[in-house]
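Trainee: give me a model of this one.
(chains A and B)
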Amino acid sequence: MVVNCQRVWKEISNYIEGDVDAGLRVAMDAHFGTCTRCKSVLEGTRNVVQLYSDERMIEVPTGFGRRLERRLAQGARVRRSTWSTWSAWLVPVAALALITGGLRWANSLTVPHPLQSEHAQPGRNIPPDMVVVVSAGAKDFHVPGCDVIHNKDKIRTLTAKEAIREGYVPCVRCMRKYLQIASISPDSSEPVAELSANVEAEDRARTR
Amino acid sequence: MAALNVVLSNPEPGTTREQELIAQVQRGQAELFYELVRPYERRVYAAALAILRNEADAEDAAQEAMLKALANIRQFRAEARFSTWLIQITVNEALMRRRRERTRMTEAIDDHRDDEGEYAPRDFADWREIPSEALERKEVRQKLAEALASLDRKYREVFVLRDMEQLNIQETAEALGISVASVKTRLLRARLMLRDLLAGGWEQGWFSRLPFEKGTKPW
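Mentor: Residues are numbered from 1 along each chain as shown, chains lettered A, B, ... in the order given. Next up is the predicted model:
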């Protein structure tokens, strides 16, 4: 391969990066051996890269570091105080949520949440924000990729909390670990309803 | 490519002390964060300046970006270089500010102008020596900074991120939201233009001679 000056100029930056194939590299090396102009462009370009990569090329305004340090310290303080304000009003809100949640739970004993399946196995400690899938016409919610999902072409992704609210029940296959926890837990009378009641109380607390 | 990156990159990634500091800050010791970012504060500032071109805006954007980095420190994953992560946050912050404040049509036109055109070197002055000791002199640094500032924004940004901040081509593309091919084209042009701007001056000896006449270009 023989390259001309135009081709060399076009590739010179890639050449410096080591980003040309072996054939082109050999051809360019041969060209630099004979063309003083291109050789000079190559060396100048390398000098540019080297000079500007030097740390000394970056100058910051006087006092930059001190001001950054101060602002970061202020930021950390603001974050802390924001948190303490938060936690201060979080206590009554949480108490209210618990009371409302308790009331809903009491209600749920008499007016059960309409579940999609009459044979629903209760789940416990399912993380409310866990991503699950449901499919139209089916009753269970699943971990994405579970191999017993019905109507796979009609699946919809949502959170466990939403699935429970819509009346879906945990799949006995992929949600097994939550079901097992439920079955060994002594007070697992209505855990699905309990979770859904808490979910609703939480939602209300958030919208207030 | 890999071999060259080793030569061009700073040897800072993931020292033990840095990893310790990251872990401590992630556990909530926010007061150690400044110690963690101090080695990179200059590069963070330079990235913001390349995009915003105004010292006060760049400083404010750099500070804001570091606060965001602190707030999101738990999202940092050890596979990445910490410096690259900081610079990417800074570039995002600076680009966001520029988008917010941009009202000038010229910038918008500049964005879409074709950058695929060929660029032919104009100055073939011999520039063999590497005059890195020349950087000790403020005047020389000033000349280099002026040459850089004279580049169009899109060339300047790519050049600063790749050649000054030492991001690789891929990281530069991601940070600016442009293609790898665009980064390469712009980088080529930026390097050749800077060489043209500086080579003549080198031949005439302004790297080694003092003093310059203020406000005149020696090339």
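Trainee: alpha carbons only for contacts and neighbour counts from here, please
Mentor: Noted.
Trainee: in what helix or strand does residue B:78 lie?
Mentor: Under DSSP states H and E, no helix or strand contains residue B:78.
Trainee: ok, it - how many residues close by?
Mentor: When neighbours are defined as other C-alpha atoms under 10 Å in any protein chain shown, residue B:78 has 11 of them.
Trainee: how is chain B divided into domains?
Mentor: Per the record, chain B has its domains at B:11-103, B:125-203, by automatic domain parsing.
Trainee: of these, which is nearest chain A?
Mentor: Nearest of these to chain A, taken as C-alpha to the nearest C-alpha: domain B:125-203 at 4.5 Å.
Trainee: I'd like the mean pLDDT over the closest one, please.
Mentor: Averaged across domain B:125-203, pLDDT comes to 87.
Trainee: do stretch A:49-67 as well
Mentor: In this model, stretch A:49-67 has a mean pLDDT of 90.
Trainee: what's the answer for stretch A:99-111, then?
Mentor: What stretch A:99-111 shows for mean pLDDT is 59.
Trainee: do stretch B:89-101 as well
Mentor: Computed over stretch B:89-101, the average pLDDT equals 91.
Trainee: stretch A:30-40 now?
Mentor: Per-residue pLDDT over stretch A:30-40 has a mean of 93.
Trainee: would you mark the buried spots in that stretch?
Mentor: A:31-32, A:38-40 (16 or more other C-alpha atoms under 10 Å in any protein chain shown).
Trainee: what does stretch A:139-155 give?
Mentor: Across stretch A:139-155, burial judged by 16+ other C-alpha under 10 Å covers A:139-143, A:149-150, A:155.
Trainee: ok, the buried residues of stretch A:30-40 vs chain B, which is closest?
Mentor: The closest of those to chain B turns out to be residue A:40 (C-alpha to the nearest C-alpha; 5.3 Å).
Trainee: what is the strand or helix carrying residue B:97 packed up against?
Mentor: Residue B:97 is part of helix B:82-101, with elements assigned from DSSP H and E. Where contact means 3 or more C-alpha pairs under 8 Å, 6 or more residues apart in numbering or on different chains; DSSP states H and E, helix B:82-101 is packed against helix B:41-52, helix B:55-71, helix B:169-176.
Trainee: that helix: which residues count as buried?
Mentor: Across helix B:82-101, burial judged by 16+ other C-alpha under 10 Å covers B:82-95, B:97.
Trainee: could I have the CA atoms of that helix written out in PDB?
Mentor: Written as PDB, here are the backbone C-alpha positions of helix B:82-101 (Å, rounded to 0.1, in the frame of the first residue of the first chain):
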ATOM      1  CA  PHE B  82     -13.100   7.500  39.800                       C
ATOM      2  CA  SER B  83     -11.600  10.500  37.900                       C
ATOM      3  CA  THR B  84     -13.600   9.500  34.700                       C
ATOM      4  CA  TRP B  85     -16.800   9.300  36.800                       C
ATOM      5  CA  LEU B  86     -16.200  12.800  38.300                       C
ATOM      6  CA  ILE B  87     -15.400  14.300  34.900                       C
ATOM      7  CA  GLN B  88     -18.500  12.700  33.300                       C
ATOM      8  CA  ILE B  89     -20.700  14.200  36.100                       C
ATOM      9  CA  THR B  90     -19.100  17.600  35.500                       C
ATOM     10  CA  VAL B  91     -19.600  17.500  31.800                       C
ATOM     11  CA  ASN B  92     -23.200  16.600  32.300                       C
ATOM     12  CA  GLU B  93     -23.700  19.500  34.700                       C
ATOM     13  CA  ALA B  94     -21.900  22.000  32.300                       C
ATOM     14  CA  LEU B  95     -23.800  20.800  29.300                       C
ATOM     15  CA  MET B  96     -27.100  21.100  31.200                       C
ATOM     16  CA  ARG B  97     -26.300  24.700  32.200                       C
ATOM     17  CA  ARG B  98     -25.300  25.600  28.600                       C
ATOM     18  CA  ARG B  99     -28.600  24.100  27.200                       C
ATOM     19  CA  ARG B 100     -30.500  26.100  29.800                       C
ATOM     20  CA  GLU B 101     -28.800  29.300  29.100                       C
END
